[in-house]
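Peer 1: this is the structure alone, sequence omitted:
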């Protein structure tokens, strides 16, 4: 389904007087309402990148990081040192939550820690070894200590969804295309509310029904074996 097809669907329900820009605003609002409810599998992403020696900050500007296509190099500046943007191909990612963070160069599983703990218990050591800890300041990801030699990392994470645009079309929606209709239902709820139309409650029910159908489809992608409970051992005594 394309954005134009979504606009046409909204027209069928009586919203042909809405501008396309208004429809896009409602579609984006509905989309973000849906994808921020749960840690959906379709938000998962695995990215391998090379962090330059001396790096401590992995993401910038609230979870954004850029990876060059040619060499997988992490480059959040994309400038030549004079603040002139470069034209080299790159991929842009928005990090929300970390699922796994591995240093492939040194065969190291990075350990998550709180920033205040790093400040009070680690930073005063002035460690210069290989980074083994990662932490967040706000929405941005950091490692400690700084990267010692160019290092390849593998980051498995949940993406932060962002609004789509006319240029991106529905490719900007991370929801699988077979479930794009739920975005239209959500936008129609908002459109009816804008017009103070009582049909909003009817379409809210349709939206919630379609939402449950999507949950049932998306959350189970194998029936080959049953779920298992994994026993995790930890040397720390948590009985306090």
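Peer 2: Received it, and whenever you're ready, just let me know what you need. All figures in this text were calculated on a predicted structure; none of them were measured in a lab.
Peer 1: from now on I want contacts and neighbour counts done on CA atoms only, so please keep to that.
Peer 2: Will do.
Peer 1: next, the buried residues of the top helix by length along the chain.
Peer 2: Taking residue count as the measure and DSSP state H as the definition, the longest helix of the chain comes out as helix 199-218. Of the residues in helix 199-218, those with enough neighbours to count as buried (16 or more other C-alpha atoms under 10 Å) are 200, 203-204, 207, 210-211, 214.
Peer 1: nearest to residue 174 among these?
Peer 2: Distance from residue 174 was checked for each of those by C-alpha to C-alpha. The minimum falls on residue 214, at 13.2 Å.
Peer 1: the closest residue to residue 204 other than its chain neighbours: how many residues sit nearby?
Peer 2: The shortest distance from residue 204 to any residue that is not its chain neighbour, by C-alpha to C-alpha, 6 or more residues apart in numbering, is 5.9 Å, and that residue is residue 189. With neighbours defined by other C-alpha atoms under 10 Å, the count for residue 189 comes to 23.
Peer 1: how about residue 219?
Peer 2: Using other C-alpha under 10 Å, the number of residues around residue 219 comes to 11.
Peer 1: what pLDDT does it get?
Peer 2: The predicted local confidence for residue 219 comes out at a pLDDT of 90.
Peer 1: and the nearest residue to it once chain neighbours are set aside, how far is that from residue 158?
Peer 2: Leaving out its chain neighbours, the residue that sits closest to residue 219 by C-alpha to C-alpha, 6+ apart is residue 41, at 7.0 Å. Plainly put, residue 41 is 8 Å away from residue 158 if you go by C-alpha to C-alpha, to the nearest Å.
Peer 1: which one's more surrounded, these two?
Peer 2: Set side by side, residue 41 and residue 158 show unequal neighbour counts under other C-alpha under 10 Å, the larger going to residue 158 at 20 against 13.
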